[in-house]
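Student: Sequence isn't available, so here's the structure alone:
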């Protein structure tokens, strides 16, 4: 696939399992240019309605990948999870072909460590989904959750009713729980500059940055108030 002169990002996806297929469909529906590669003819055929650049390959060696044009993409995502050796070799080939950004799915810490050493950005779809679900189950007030690192998360949560009428300074979430309020939404309006004298109101939705432990400690404390 020759590089188009467009501001749109182009994405190459290798492996059309559940993760790869969902990723390809979502990117295509958003209007992105995609190249998809898989050994399964039926899966590739499904995506030909989304892109002209859908290829059935019997091998994922460097020469075959280059022939698909995937090296011309801005981002290539290796969605192979079950075959670690194939995942590692494919990632190596894409990096050596000069793809600006290579993202690879990993199923274990060891797998991810190898992929990182090859120069890929690593994602753990199953682990990340499990972490998101666990945090939402453990903190019932949490509406959404995004892990930025092992220690820092961005969470969106409903204000506990007991805190309505108190000021930010009085609750002192930062000192007590290490929670930094990024913004507060109320009735569709968002306040992104939170002052110490802001008075919490019933129905407030808080956007906060904190550790998982801090968030859990805060919700446990709020339930007792």
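Tutor: Cool, got the structure. Note that the coordinates shown come from a computational prediction; the quantities given were computed from them, not determined experimentally.
Student: For this structure, name the helix or strand with the lowest mean pLDDT.
Tutor: Least confident helix or strand, the chain: strand 142-147 with a mean of 53, by mean pLDDT, DSSP states H and E.
Student: for this structure, what spans make up the helices?
Tutor: In the chain, the helices defined using DSSP state H lie at 18-29, 41-47, 62-68, 84-96, 109-117, 125-138, 168-171, 173-177, 212-224.
Student: Quick one: closest of those to residue 201.
Tutor: Ranking the helices of the chain by proximity to residue 201 (Cβ to Cβ) places helix 168-171 first, at 11.8 Å. Quick note: C-beta positions are derived from backbone N, CA and C, even for glycine.
Student: which residues does residue 210 contact?
Tutor: 152-153, 155, 177-180, 218 (Cβ atoms under 8 Å, 6 or more residues apart in numbering).
Student: and it, how far is that from residue 182?
Tutor: As judged by Cβ to Cβ, to the nearest Å, residue 210 and residue 182 stand 10 Å apart.
Student: Please name the residues that touch the residue of the chain most remote from its centre.
Tutor: For the chain, the residue at maximal distance from the C-alpha centroid (Cα atoms, centre = their mean) is residue 165, at 35.6 Å. Taking Cβ under 8 Å, 6+ apart as the contact definition, residue 165 lies against 199-201.
Student: Tell me where the model's unsure across this protein.
Tutor: Scanning the chain for pLDDT under 70 picks out 1-7, 129-152, 225.
Student: and it, what are its domains?
Tutor: Here the domain parsing of the chain from automatic domain parsing is 10-123, 128-224.
Student: Please identify the most buried of these.
Tutor: Mean neighbours per residue, mean count of other Cβ atoms under 10 Å, is largest over these for domain 10-123, with a mean of 18.
Student: end to end, how far does that domain reach?
Tutor: 19 Å (Cα to Cα, to the nearest Å).
Student: quick one: that domain to chain centroid distance?
Tutor: For domain 10-123, the distance from its own C-alpha centre to the chain's C-alpha centre is 16 Å (Cα atoms, centre = their mean, to the nearest Å).
Student: now do stretch 209-221
Tutor: Put simply, stretch 209-221 sits 22 Å off its chain's centre (Cα atoms, centre = their mean).
Student: Likewise for stretch 9-17?
Tutor: 15 Å.
Student: Name the residues that touch it?
Tutor: Residues contacting stretch 9-17 (Cβ under 8 Å, 6+ apart): 1, 3-4, 20, 23-24, 27, 32-38, 40, 43-44, 47, 60, 65, 68, 70-82, 90, 94, 99, 105.
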